[in-house]
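Asks: Let's see this in three dimensions:
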Amino acid sequence: MALQVITGNRLADGISVWFAGERGWAEHVDQARAYDEAEIEAALAQAQPADAELHVVDIRAVDVTREAGGLFPVAHREQIRARGPSVRADLPAGVWRAEGEVPAPLPSERSSSPFAGIYRYDEYDRAFLRQRVREFSLQVERRRKGELSEEEFKPLRLMNGVYLQLHAYMLRIAIPYGVLSATQLRQLAYVARHYDRGYGHFTTRQNIQFNWLRLEDVPAALAALAEVDIHGIQTSGNCIRNTTTDEFAGAAADEIVDPRLYAEIIRQWSTDHPEFTYLPRKFKIAIVGAGHDRAAVRVHDIGLEAYRNAAGEPVFRVFAGGGLGRTPYVAVKLREDLPVGELLRYCEAVLRVYNALGRRDNIYKARIKILIREMKPEAFVKMVEDEYAGMAPDYCLLTDELVRAVAARFPVPAFPRQDTGVLKAAMLDDRALARWVKQNTHAHKARGYVSVVISLKPVGGIPGDASADEMDVVADLADKYSLGEIRVSHVQNLVLPHVAKDDVPALFKALVKAGLASDNIGLVTDIIACPGMDYCALATARSIPVAQRIAERLAPRQHEIGTLHVNISGCINACGHHHVGHVGLLGVDKNGEEVYQITLGGAADEQAGIGRIIGPAVPTAKVPDAIAALMDAYLAIRAPDERFIDTYRRLGAEPFKEAIYAAH
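Replies: Numbers count the residues shown, from 1 in each chain. Model prediction:
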């Protein structure tokens with residue numbers, strides 16, 4: 001006989017709850033009351049008042065089976081909702097923080113350089129953030145009192161980065177173009193420690209997510225973050241999201257133009273823009289200022305490449321219509337040599353055309369990439385150029401004075417240290433240090449410095465996760481060794497951008513002590529992975545356990561394998577960027593079983609391309625075997641020092657396809 005139970009999420013904290021009839025709501029499915037087909041409608045009517053009474057939201061019936069005296073949801077997602085994330089034994093269902101006073105955050109003076117290389121907010125900026133927090137606090141209070149329904153409240157919380165996930169509320173915080181001060185990172189650690197369950201998750205949008213907040217705590221968390229000039233505004237909704245850039249911006253030896261200045265100008269222009277707050281769909285912008293694209297600009301709604309023209313002036317190459325998800329595309333080029341003064345005007349022209357013509361009747365066809373393909377790129381470009389030409393000459397013009405004013409609020413750090421040979425000598429005596437330096441450092445524009453990448457991908461760990469204690473450690477190391485500055489990369493790692501070479505051995509020892517010295521940047525264990533169905537309400541499969549098993553399987557050979565980008569997404573929305581991984585994995589629910597499509601040959605750099613699906617999906621248990629067989633085939637046929645992606649481009653998919661399905 002078919003059985004169903006009634007479930008929902010508790011309004012106070014988003015925890016999954018189950019209806020137990022007259023006994024109310026329980027936190028475990030085994031405590032739920034099961035109903036047959038004849039009983040379920042009456043039971044739903046009995047449960048429904050809980051929504052109106054502000055106890056439970058998203059009330060619905062789900063199928064279950066009764067086995068060994070217990071109730072088991074049939075749908076895979078509901079099974080995970082019932083038992084909690086499969087990847088953290090320290091996260092049981094239920095309340096995670098003891099009631100009581102939350103200690104005040106430590107004063108920001110702890111950071112010796114709280115704004116090194118970071119745009120300085122003024123009182124106007126800070127007043128805006130505090131007002132926004134006050135407004136949202138009132139909205140939360142009205143929701144808790146029943147003055148706002150869930151339908152009315154949802155767009156308000158999303159505008160402030162608050163999602164209802166599988167097990168709790170998630171708060172997404174913007175890290176503009178990936179730049180943080182040590183003070184800001186300590187404040188993120190404070191929120192993780194006192195309002196979450198002790199950690200945060202860094203994302204492919206250079207943001208951080210807190211996965212376990214109580215609704216009533218969100219305003220306090222946002223207020224604490226506003227005090228250090230960070231917020232959750234426009235981290236969700238159909239608006240212009242966080243503009244991303246190269247994690248080595250302003251430091252890289254190969255940089256042509258520092259893109260942070262222009263990313264900040266775009267941030268200010270796009271925040272609460274009255275015309276672009278309700279676009280047909282979310283909109284993402286990325287900008288890079290080096291010849292090598294480290295910001296994936298060609299898979300963004302607008303992608304910008306800053307370079308210098310023959311006169312040495314900064315100009316932009318403009319792309320539009322890139323994106324991943326259900327229909328992945330590489331962007332088309334709209335313009336060369338766009339002057340700095342015209343940057344916002346031209347971006348606005350693109351957005352006006354999209355806002356006017358983008359579809360609002362079909363969420364799957366609402367992105368600008370679909371509009372451009374359906375109307376043909378040539379027609380889209382013409383409409384943008386016509387819109388641009390019709391603007392008043394002084395409308396939204398970036399004057400030299402305005403650019404200088406914004407640039408003046410980026411303190412330019414000095415780089416006085418010289419390379420005295422300390423690092424070179426230490427590397428001769430310490431092979432582990434030498435290997436870490438080779439893999440985890442990047443050439444700096446100042447000769448006595450390097451940029452250091454701190455891997456958030458320990459073998460067997462959760463890609464992108466950092467505990468509150470780890471954030472505090474990195475903040476302290478940033479103050480000591482990197483002028484108080486940290487970067488978040490779009491591949492879910494952290495960067496200390498300005499480290500004197502002579503300090504690298506001491507920094508490495510400190511990272512080893514903290515368990516943060518994985519020497520795997522760019523290797524097979526440096527996996528990009530979304531949270532997947534362990535957390536996300538949209539996911540169809542888990543990403544994290546698959547990433548963990550692949551890393552554990554291939555870690556002993558990762559340096560032999562060399563450069564390889566493995567990307568995993570738990571659903572077609574592609575938050576793990578699987579389409580542009582050298583090896584991409586997409587999790588799919590097939591009749592209640594998680595299986596994974598494998599794509600090969602994707603890339604997100606200046607040679608951007610969408611990976612090709614090579615055959616039938618592989619069951620979860622077989623994925624590590626399949627990827628190991630793929631690596632065996634690659635190592636057997638590669639030319640000397642040839643990267644996997646180059647071998648694939650030379651030989652195609654066939655030898656790798658044979659290896660994968662022979663193992664499968």
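Asks: okay, now the spatially closest residue to H579 that is not a sequence neighbour: neighbour count?
Replies: What sits nearest to H579 in space, not counting adjacent residues and going by CB to CB, 6 or more residues apart in numbering, is P328, at 4.2 Å. Any C-beta I mention is one placed from the backbone N, CA and C, and that applies to glycine too. P328: 22 surrounding residues under other CB atoms under 10 Å.
Asks: Show me which residues of stretch 238-248 are buried.
Replies: Buried residues in stretch 238-248, defined by neighbour count with 16 or more other CB atoms under 10 Å: 238-248.
Asks: ditto for stretch 47-54
Replies: Of the residues in stretch 47-54, 47, 50-51 count as buried by neighbour count, 16+ other CB under 10 Å.
Asks: picking up where we left off before, dump the buried residues of stretch 238-248 to JSON lines, plus distance to G303, pLDDT and secondary structure.
Replies: Shown next, in JSON lines, are the buried residues of stretch 238-248 (distance: CB to CB, whole Å; pLDDT from 0 to 100; DSSP: H, G, I helix; E, B strand; the rest coil):
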{"residue": "N238", "distance to G303": "19", "pLDDT": "96", "secondary structure": "coil"}
{"residue": "C239", "distance to G303": "18", "pLDDT": "96", "secondary structure": "coil"}
{"residue": "I240", "distance to G303": "14", "pLDDT": "97", "secondary structure": "strand"}
{"residue": "R241", "distance to G303": "14", "pLDDT": "97", "secondary structure": "coil"}
{"residue": "N242", "distance to G303": "15", "pLDDT": "95", "secondary structure": "coil"}
{"residue": "T243", "distance to G303": "11", "pLDDT": "97", "secondary structure": "coil"}
{"residue": "T244", "distance to G303": "10", "pLDDT": "98", "secondary structure": "strand"}
{"residue": "T245", "distance to G303": "11", "pLDDT": "98", "secondary structure": "strand"}
{"residue": "D246", "distance to G303": "12", "pLDDT": "97", "secondary structure": "coil"}
{"residue": "E247", "distance to G303": "16", "pLDDT": "98", "secondary structure": "coil"}
{"residue": "F248", "distance to G303": "18", "pLDDT": "98", "secondary structure": "coil"}
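Asks: Make sure Y596 is indeed in a strand.
Replies: Yes: counting by DSSP: H, G, I helix; E, B strand; the rest coil, Y596 falls inside a strand.
Asks: ok, now which ones touch it?
Replies: Listed by CB atoms under 8 Å, 6 or more residues apart in numbering, the contact set of Y596 reads 541, 546, 568, 585-588, 617-620, 623.
Asks: Looking at the residues you listed, which is nearest T441?
Replies: Nearest to T441 out of these is I568 (CB to CB; 26.0 Å).
Asks: mind checking the end-to-end distance for stretch 391-408?
Replies: Start-to-end span of stretch 391-408 (CA to CA, to the nearest Å) is 29 Å.
Asks: now it: how far from the chain's centre is it?
Replies: In terms of CA atoms, centre = their mean, to the nearest Å, the centre of stretch 391-408 is set 31 Å apart from its chain centre.
Asks: before we move on, back to that, just the ones in helices from the contacts of Y596, please.
Replies: Among these, DSSP state H puts 546, 623 in helices.
Asks: Determine which two of the contacts of Y596 are furthest apart.
Replies: It's I568 and P619 that sit farthest apart of these, by CB to CB, at 15.0 Å.
Asks: Who has more neighbours out of those two?
Replies: Per other CB under 10 Å, whichever of I568 and P619 has more neighbours is I568, with 29 against 13.
Asks: got a list of what the more buried one touches?
Replies: Taking CB under 8 Å, 6+ apart, we find I568 in contact with 527-530, 532, 543, 546-547, 576, 578, 581, 584-587, 596.
Asks: Now, those residues that are in strands?
Replies: Residues of these located in strands (DSSP state E): 528-529, 584-587, 596.
Asks: Need the max-distance pair from these.
Replies: I528 and Y596 (14.6 Å).
Asks: Which residue ranges of the stretch 201-350 of the chain form strands?
Replies: Using DSSP state E, counting those that start in this stretch, the strands of the stretch 201-350 of the chain run over residues 208-213, 244-245, 285-288, 302-308, 314-320, 332-339.
Asks: export the ones you listed to a markdown table and tack on distance to P463?
Replies: Shown next, in a markdown table, are the strands of the stretch 201-350 of the chain (distance: least, CB to CB, whole Å):
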| stretch | distance to P463 |
| --- | --- |
| strand 208-213 | 13 |
| strand 244-245 | 17 |
| strand 285-288 | 20 |
| strand 302-308 | 24 |
| strand 314-320 | 27 |
| strand 332-339 | 31 |
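Asks: re the thing from before, out of the ones in strands among the contacts of I568, which comes closest to Y661?
Replies: Of all the ones in strands among the contacts of I568, Y596 has the smallest distance to Y661: 13.3 Å, by CB to CB.
Asks: Could you measure from the closest residue to that closest one other than its chain neighbours over to E552?
Replies: Using CB to CB, 6+ apart and skipping the chain neighbours, the partner closest in space to Y596 is L585 (4.7 Å). Distance, L585 to E552, by CB to CB, to the nearest Å: 15 Å.
Asks: neighbour count winner among the two?
Replies: Neighbour totals were compared for L585 and E552, and L585 leads with 28 against 13 (other CB under 10 Å).
Asks: thought that one was touching L600?
Replies: No: L585 is not in contact with L600 according to CB atoms under 8 Å; the separation is 10.7 Å.
Asks: To R643, which of the strands of the stretch 201-350 of the chain lies closest?
Replies: strand 285-288 (20.6 Å).
Asks: which other helices and strands contact that closest one?
Replies: strand 244-245, helix 260-270, strand 302-308 (3 or more CB pairs under 8 Å, 6 or more residues apart in numbering; DSSP states H and E).
Asks: so how far is the shortest one off the chain centroid?
Replies: Computed by CA atoms, centre = their mean, the chain-centroid distance of strand 244-245 equals 11 Å.
Asks: and if you look at the second one?
Replies: Using CA atoms, centre = their mean, the distance from the centre of helix 260-270 to the centre of the chain it belongs to is 19 Å.
Asks: Pull out the buried residues from the lengthiest strand in the chain.
Replies: For the chain, the strand with the greatest residue count under DSSP E is strand 56-67. Judged by neighbour count (16+ other CB under 10 Å), strand 56-67 contains these buried residues: 56-57, 59, 61-62, 64.
Asks: Let me know the closest of these to V218.
Replies: Distances from V218 to those, taken by CB to CB, are shortest for V57, at 15.0 Å.
Asks: Please verify my assumption that the closest one contacts D13.
Replies: No: using CB under 8 Å, V57 is not in contact with D13, being 11.3 Å away.
Asks: show me the contacts for the residue minimising distance to the centre of the chain.
Replies: For the chain, the residue nearest the mean C-alpha position is T203 (2.1 Å; CA atoms, centre = their mean). Shown in contact with T203 (CB under 8 Å, 6+ apart): 172, 209, 464, 492, 530, 575.
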